[in-house]
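# I'd like to go over a predicted model; first the sequence, then the structure.
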Amino acid sequence: MVTDATVTDASSPEVMASVNPSPCGDELVIADISCDDAWLSLRADDAPVLPDWR
């Protein structure tokens, strides 16, 4: 696998999240749309709840 090590302007990332249905259950997808292939996903049930972060 080849990794693209191109430096981008990290001073203004554009990060978005969505919950998408899938055959295995809902998935939370978090992506930095200012970078190619900068995303992650996990089962929505496994995502931390905001009050748990306080």
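Looks like it arrived, so ask away.
# which helix or strand contains the spatially most central residue of the chain?
What sits nearest the mean C-alpha location of the chain, by C-alpha atoms, centre = their mean, is residue 30, with 1.9 Å. Applying DSSP states H and E as the criterion places residue 30 in strand 27-32.
# note down every partner strand of that strand and its orientation.
Applying DSSP bridges, strand 27-32 is found paired with strand 15-20 (antiparallel), strand 39-43 (antiparallel).
# and it, how far out from the chain's middle?
3 Å (C-alpha atoms, centre = their mean, to the nearest Å).
# repeat for stretch 11-19
Per C-alpha atoms, centre = their mean, the displacement of stretch 11-19 from the mean C-alpha position of its chain is 8 Å.
# C-alpha coordinates for it, PDB please?
As requested, the backbone C-alpha atoms of stretch 11-19 are provided in PDB (Å, rounded to 0.1, in the frame of the first residue of the first chain):
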ATOM      1  CA  SER A  11      -5.000  25.200   9.700                       C
ATOM      2  CA  SER A  12      -8.600  24.900   8.400                       C
ATOM      3  CA  PRO A  13      -9.700  21.300   8.300                       C
ATOM      4  CA  GLU A  14     -13.300  20.600   7.300                       C
ATOM      5  CA  VAL A  15     -14.500  17.700   9.500                       C
ATOM      6  CA  MET A  16     -18.000  16.300   9.200                       C
ATOM      7  CA  ALA A  17     -19.800  13.300  10.700                       C
ATOM      8  CA  SER A  18     -22.900  11.300   9.700                       C
ATOM      9  CA  VAL A  19     -24.700   8.200  10.800                       C
END
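# among the strands paired with strand 27-32, which is nearest residue 50?
Shortest distance between residue 50 and these, using C-beta to C-beta, is found for strand 15-20: 11.9 Å. Glycine gets a C-beta too; all of them are placed from N, C-alpha and C.
# quick one on the thing from earlier: need the strands paired with strand 27-32 in CSV with mean neighbour count, can you?
CSV is the format used below for the strands paired with strand 27-32 (neighbours: other C-beta atoms under 10 Å):
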stretch, mean neighbour count
strand 15-20, 11
strand 39-43, 13
